[in-house]
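Peer 1: with the input below, show me the fold.
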Amino acid sequence: MNEITKNEPLTVAAVQMSSQQDIEANLADIKAAISEASKQGAQLIVLPENCCSMGRQFATAERFDELSDAMAEYARAFGIYLLAGSLPCPYRPDGVIVPNGRLRQVSQLFAPDGTRVARYDKIHLFTATVADKKGSYNEAATFEPGTQTVVVPLEANDAVYQLGMMVCFDLRFPALAQRLRQAGAEVLSAPSAFTYLTGQAHWSLLLRARALDSQCMVIGAAQGGEHLYKNGDSRQTWGHSTITAYDGTIINSYEDSDLKNSANKNYALVLANLDKAGQAQGRQKMPIFDCHRLA
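Peer 2: Sure, this is the predicted structure:
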């Protein structure tokens, strides 16, 4: 593990990928990204939604336990907290198989010892009509929505940081970000795969808005580029992975939808530091949760 000096800020990394349907190739990119981010001092690394495969959800779900074990091993090997974007899962948190042939979209946090310390099942499922090749999106046809919000502690720098977990379409619901803050969240994870058009219109705005709503750092790790499917179809995602401060300012971002500027790598990294004391001071100066009056 990296040497950590007491009172250092928490260093976080968002990984941008262009995941295809070759799971083994995606895993190799994930491992390489984690290795590089950890060498740069990242203590919490966030992967994008559908990090192991874009499409082929049911085939990927059959490997949920295997792929989760791989993520746990990466966290242990590099001594970091790993937020494993999202993986399709055939069973609920209690182990019951999801009925009606559907899945859950699951985001998991693994600790530096490889232990899974949190599972969040995506609550808000993407439903929209978009003027792109696909045209209509109905995630509920494949997935069952989760029902539980998740805030989990992580330890670093002799401090405890509270992480609230979201996934992609959750960013459009300010009440979720506010509920996570009320449950103690200081950082929000937002692994995502925004379509090119919806991302172009709303991605940056939503990250900044949710940061302002919750007064939390928001880590937006995104898919970006063209994703090719075996049937010849494709999908384009917006990318532009971004980390936003509690006051809505953008700390760092990858300024592209694809990876052409990422030194010929199949991933890009966006790093930032969370000053826990500085964020707490900012909240005290504008105590919006003390002033809130509506239920």
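
Peer 1: His240 and Ser204 touch, don't they?
Peer 2: Yes. When contacts are counted by C-beta atoms under 8 Å, His240 is listed as touching Ser204 (6.9 Å). For the C-beta atoms, the positions are set from N, CA and C on the backbone; glycine is no exception.

Peer 1: those two: who's more crowded?
Peer 2: Neighbour count, other C-beta atoms under 10 Å: between His240 and Ser204, His240 has more, with 23 against 17.

Peer 1: how about the more buried one, phi and psi?
Peer 2: Reported as degrees, to the nearest 10, the phi and psi values for His240 are phi 60, psi 50.

Peer 1: who's in contact with it?
Peer 2: By C-beta atoms under 8 Å, 6 or more residues apart in numbering, the contact set of His240 is Gln16, Gly199, Trp203, Ser204, Ala222, Gly224, Ser253, Tyr254, Glu255, Asp256, Ser257.

Peer 1: distance check, the second one against Ala175.
Peer 2: So the one you mean is Gly199. Taking C-beta to C-beta, to the nearest Å as the measure, Gly199 falls 22 Å from Ala175.

Peer 1: when those two are compared, which one has more neighbours?
Peer 2: A count of neighbours by other C-beta under 10 Å puts Gly199 above the other of Gly199 and Ala175, at 23 against 8.

Peer 1: what's the helix or strand for that one?
Peer 2: helix 196-214 (DSSP states H and E).

Peer 1: toward the C-terminus, what is the element adjacent to that helix?
Peer 2: Counting by DSSP H and E, what follows helix 196-214 is strand 217-220.

Peer 1: mind listing what the next helix or strand after that following strand pairs with, with the direction of each?
Peer 2: Moving toward the C-terminus from strand 217-220, the next helix or strand (DSSP H and E) is strand 224-228. In the sheet, strand 224-228 lines up against strand 234-238 (antiparallel) (DSSP bridges).

Peer 1: and the angle for the strand it pairs with with helix 196-214?
Peer 2: Here strand 234-238 points in a direction 40 degrees away from that of helix 196-214 (axes from the mean of the first three to the mean of the last three C-alpha atoms, to 10 degrees).

Peer 1: what's the first helix or strand after strand 234-238?
Peer 2: Following strand 234-238 in sequence, per DSSP H and E, is strand 242-244.

Peer 1: other SSEs contacting that next one?
Peer 2: Applying 3 or more C-beta pairs under 8 Å, 6 or more residues apart in numbering; DSSP states H and E, we find strand 242-244 packed against strand 10-17, helix 196-214, strand 217-220, strand 250-253, strand 267-274.

Peer 1: need the residues that contact it.
Peer 2: By C-beta under 8 Å, 6+ apart, strand 242-244 touches 12, 14, 203-204, 207-208, 210-211, 217-220, 222, 250-254, 270-272.

Peer 1: and if we set it to 7 Å?
Peer 2: 12, 14, 204, 207-208, 211, 217-220, 250-253, 270, 272 (C-beta atoms under 7 Å, 6 or more residues apart in numbering).

Peer 1: same check on stretch 87-106?
Peer 2: By C-beta under 7 Å, 6+ apart, the list of residues contacting stretch 87-106 reads 52, 57, 60-61, 64, 67-68, 86, 119, 121-122, 142-144, 146, 167.

Peer 1: just checking, which of the residues you listed belong to strands?
Peer 2: Arg119, Asp121 (DSSP state E).

Peer 1: follow-up on the earlier one: now for the contacts of strand 242-244: which two are most distant?
Peer 2: Val12 and Ser204 (17.8 Å; C-beta to C-beta).
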